[in-house]
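**Student:** Fold the stuff below for me.
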Amino acid sequence: MAASKMFRLIALSFILAPLAVAADNATVSMKLIPSGAMPKLGGYRPQQLQLSPDKPEALKKAPEMESPLYGQIRFGGVSYLVALDEPEGKDAKLYVDSNNNGDLTDDAPVTWNKRPYKTPQSDSLTQYSGTIQLPLKTGDKPTMVSLGAYRFDKKDTMRGQFSKAIFYYMDYAYDGQITLGDKTYHAMLSDDLATGDFKSGSIRLLIDRNGDGKFDSRSESFDAAKPFNIGGTTWAVSDMTSGGSFAIAKSDKTVDEIMPPPDHSVGKIITAFKATTTDGKEVSFPSDYKGKLVMLDFWATWCGPCMGEVPNLVKTYNEYHDKGIEILGISLDQPNSADKVKSVTGEKGMTWPQVYDGQFWQARIAVMYGINSIPAAYLVDGDTGEILASGNSLRGEELEGTYKKALEKKNLKK
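**Tutor:** Numbers count the residues shown, from 1 in each chain. Alright, predicted model coming up:
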């Protein structure tokens, strides 16, 4: 899993709801997506539910369980009983009192599927995941919505602090369109903390202002309780209801606008920049790489997944460097880490140039590119600036194949 500052964004199609609008203010009515919303939002914030062997007083009736653990999820102002049964050598089962009557035997079954996983300490662990259904207040009548849930193996020593915990997250959201001034955007409302309360919870308003089908966590994600700036105008949300409607109008406050990142999808032209490498040389990207293919690699010494890629990255670089492959590293290391960056790159055989300014997630080029998750990489044609590949195609076993195809396309020596 990539190290991420916030969320990784996923481009998918969306269902749009009708909206009544005015030029400087609007009443927005959105459509509830009761399940499957999380991928559309592009990420989630897992909430931890601690379990205990102590039987809750509110529990009146339960199915026969061999090794139960209990907890309660607070949702929409109501506490819902949860019971997990994990008998040794048998499949686990999860029960949720979704009708809140203290009886765990008369609720819809909870999906609770298992899959094996490995850690450096163990190659035989089991993770469970499923879906919890709870009622969300949506005006006069509640609607059952989905919360994703998962649990790591209680024998997972790397996650020992979670041996009696379940994680859950919202898989529901409101979806629609919003008009600000003379422009209409796709938008969503997310209950990030899975509180089941859109009126007073931690609500995020996401606005696809550049129309690329996804939400950038820096420039297109806003706290619905705070003013935000789009197009040079500061807007504010008010009168949020549990049914996904709210008012929006120009604010009497002023906040700075954060611009969306450039479109760096495959086939687009990469954003050019100039920088100074750790050995004091000036580099102009990508113009300094005429006749070559150059991979721009965002990484950090503190990023486990980044360092996990290094051995294969070094191997493929050494094999394909003479055939036309270059790499320019962009370090997102923290302040006062210049010596560490030089030490790590030297020890690991990362002989290509590195750019490091000590600004962590606010590194100048990372901000310019809208980087919010690392490792991140782009393979670029040094002559045209065209982005030839990005993402997972430049990681792991796919990296070498991506290099080969790009070299063949450019007709460089193979």
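**Student:** biggest strand in this protein by residues?
**Tutor:** strand 122-136 (DSSP state E).
**Student:** to the chain's geometric centre, what's the distance from it?
**Tutor:** 19 Å (CA atoms, centre = their mean, to the nearest Å).
**Student:** Domain parsing of this structure, as residue ranges.
**Tutor:** Following automatic domain parsing, the chain resolves into domains at 3-44+172-250, 47-170, 273-410.
**Student:** Go through those domains and name the closest to P261.
**Tutor:** domain 273-410 (2.2 Å; CB to CB). C-beta: built from backbone N, CA, C; applies to glycine.
**Student:** Give the rounded mean pLDDT of the closest one.
**Tutor:** Domain 273-410 comes out with an average pLDDT of 95.
**Student:** Between the two ends of that domain, how far is it?
**Tutor:** 23 Å (CA to CA, to the nearest Å).
**Student:** Turn the domains of the chain into JSON lines, columns for mean neighbour count and distance to S265.
**Tutor:** What follows is those, written out as JSON lines (neighbours: other CB atoms under 10 Å; distance: least, CB to CB, whole Å):
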{"stretch": "domain 3-44+172-250", "mean neighbour count": "18", "distance to S265": "8"}
{"stretch": "domain 47-170", "mean neighbour count": "16", "distance to S265": "27"}
{"stretch": "domain 273-410", "mean neighbour count": "17", "distance to S265": "7"}
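**Student:** coming back round to it: does anything pack onto the longest strand of the chain? Which helices or strands?
**Tutor:** If you count contacts as 3 or more CB pairs under 8 Å, 6 or more residues apart in numbering; DSSP states H and E, strand 122-136 packs onto strand 68-75, strand 93-96, strand 111-119, strand 143-151.
**Student:** Pull up the pairing partners for that strand, direction included.
**Tutor:** Within its sheet, strand 122-136 is paired with strand 111-119 (antiparallel), strand 143-151 (antiparallel), according to DSSP bridges.
**Student:** Going along the chain, name the helices of the chain.
**Tutor:** For the chain, the helices defined by DSSP state H cover 38-41, 304-320, 338-348, 364-369, 398-410.
**Student:** From the contact counts, what lies against the second one?
**Tutor:** Counting contacts by 3+ CB pairs under 8 Å, 6+ apart, the secondary-structure elements packed against helix 304-320 are strand 3-4, strand 293-299, strand 325-331, helix 338-348, helix 398-410.
**Student:** mean confidence score for the first one?
**Tutor:** Per-residue pLDDT values across strand 3-4 average out to 50.
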